[in-house]
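Asker: generate a structure from the sequence data that follows.
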Amino acid sequence: MQDDVNKWVELAGARSPANSLYLATKGRLEQSSRYRDICVPLGFGDELRAALRLGNSCWGFMCLHRERKGPNFSLDETEFLAALTSHLAEGLRGALLLAQAENAVSDDGPGLLLLSDDLSVVSSTVAGEHWLAEIADSPDRRELPQVIYAAVARLTMLESNSGTSLALPPRARVQTRPGQWLIVHASRLSGRTAPQETAVILEPARPEELAPLLLQAYGLTRREAEVAQLVLRGVSTAGIAATLLISDHTVQQHLKAVFDKIGVASRRELVAQVFAQQYRPRMRTSLRQKPPSRTRSH
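Answerer: Modelled structure (predicted):
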């Protein structure tokens, strides 16, 4: 949460997607709080970070370290990694479309974490502890996953811009180690007893919440994704045309492109292809848990 160089959100929107601490601090690494507080105690020297961007979307991040006594990352090495980021992002994007693991779905419902003003966990539900372990970035239980820090940071920024508490809390998506998607919500608690506490809810994502991400993973353009999402909501061609202020013919052209990219031939197949990626693991889990039927003799 501290101010520092090469923050992920900055790299995601920077002209170059990669930068090193050495280059960002002009050789004065000790100016970075991350270097002082994390790298030095771990015996690391320079750090090279990269945002894995493809078009206007960021699909992941990469962080490389050198030993304390080793050389700093050079400009050539930084530029080489920057040139690789779009290819790495393409791989991550494609990985979203792979079939989910057989045991990816958990039965746990929403979990709750209460955080103090220094973002330490004050209390949590059993489900909250389970989800926290499933998305942990490190074995250190004191260190929260980055997605939670990001959700709280987004909440703080929105509150400072609006000057009031938010009715709709910011949300983030994150994938568990087995492959299940969660939605993370962060909201501020009100009242005199705990004015600075933050509530974080982690819950399994519903298929409709993942549809935009899956459509993006198929490489749809912004307009194609808009058309596809309306199809998933059951809107007719005429309704799509009226909503997007385009002609019926243009809608059909966009649909043809959508079908080609996703590999389907009809609206029904489109709905099945997108939603089945989330429903199929749940159906398998339900079938495994269903008790065997028993026949009664008369």
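Asker: drop to CA atoms for contacts and neighbour counts, all remaining ones
Answerer: Will do.
Asker: what does stretch 119-126 contact?
Answerer: The contact list for stretch 119-126 (C-alpha atoms under 8 Å, 6 or more residues apart in numbering) reads 111, 112, 113, 114, 115, 116, 142.
Asker: and if we set it to 7 Å?
Answerer: The set of residues external to stretch 119-126 that reach it, using C-alpha atoms under 7 Å, 6 or more residues apart in numbering, is 111, 112, 113, 114, 115, 116.
Asker: do the same with stretch 52-63
Answerer: So stretch 52-63 is contacted by 12, 47-51, 85-86, 88-90, 92-93 (C-alpha under 7 Å, 6+ apart).
Asker: quick one: which of those residues sit in strands?
Answerer: 47, 48, 49, 50, 51 (DSSP state E).
Asker: with neighbour count added, can I get the residues you listed in JSON lines?
Answerer: Formatted as JSON lines, the ones in strands among the contacts of stretch 52-63 follow (neighbours: other C-alpha atoms under 10 Å):
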{"residue": "47", "neighbour count": "22"}
{"residue": "48", "neighbour count": "22"}
{"residue": "49", "neighbour count": "22"}
{"residue": "50", "neighbour count": "25"}
{"residue": "51", "neighbour count": "31"}
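Asker: can you pick out the most distant pair from those?
Answerer: Distance extremes for the ones in strands among the contacts of stretch 52-63: the farthest pair is 47 and 51 at 13.5 Å, using C-alpha to C-alpha.
Asker: circling back: in strands, which of the contacts of stretch 119-126 appear?
Answerer: Checked against DSSP E, the contacts of stretch 119-126 include these in strands: 111, 112, 113, 114, 115.
Asker: tell me where the chain has helices.
Answerer: Using DSSP state H, the helices of the chain run over 8-13, 21-24, 33-34, 75-95, 126-134, 146-162, 207-217, 222-232, 237-244, 248-262, 267-289.
Asker: make JSON lines out of those helices and add mean pLDDT and mean neighbour count.
Answerer: Below are the helices of the chain laid out as JSON lines (pLDDT from 0 to 100; neighbours: other C-alpha atoms under 10 Å):
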{"stretch": "helix 8-13", "mean pLDDT": "90", "mean neighbour count": "16"}
{"stretch": "helix 21-24", "mean pLDDT": "98", "mean neighbour count": "20"}
{"stretch": "helix 33-34", "mean pLDDT": "92", "mean neighbour count": "16"}
{"stretch": "helix 75-95", "mean pLDDT": "95", "mean neighbour count": "16"}
{"stretch": "helix 126-134", "mean pLDDT": "94", "mean neighbour count": "18"}
{"stretch": "helix 146-162", "mean pLDDT": "85", "mean neighbour count": "16"}
{"stretch": "helix 207-217", "mean pLDDT": "86", "mean neighbour count": "17"}
{"stretch": "helix 222-232", "mean pLDDT": "95", "mean neighbour count": "18"}
{"stretch": "helix 237-244", "mean pLDDT": "97", "mean neighbour count": "16"}
{"stretch": "helix 248-262", "mean pLDDT": "97", "mean neighbour count": "16"}
{"stretch": "helix 267-289", "mean pLDDT": "65", "mean neighbour count": "16"}
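Asker: redo those as JSON lines? Include distance to residue 198.
Answerer: What follows is the helices of the chain, written out as JSON lines (distance: least, C-alpha to C-alpha, whole Å):
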{"stretch": "helix 8-13", "distance to residue 198": "22"}
{"stretch": "helix 21-24", "distance to residue 198": "32"}
{"stretch": "helix 33-34", "distance to residue 198": "24"}
{"stretch": "helix 75-95", "distance to residue 198": "32"}
{"stretch": "helix 126-134", "distance to residue 198": "14"}
{"stretch": "helix 146-162", "distance to residue 198": "8"}
{"stretch": "helix 207-217", "distance to residue 198": "23"}
{"stretch": "helix 222-232", "distance to residue 198": "33"}
{"stretch": "helix 237-244", "distance to residue 198": "38"}
{"stretch": "helix 248-262", "distance to residue 198": "40"}
{"stretch": "helix 267-289", "distance to residue 198": "30"}
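Asker: out of the ones you listed, which gets nearest to residue 199?
Answerer: helix 146-162 (9.3 Å).
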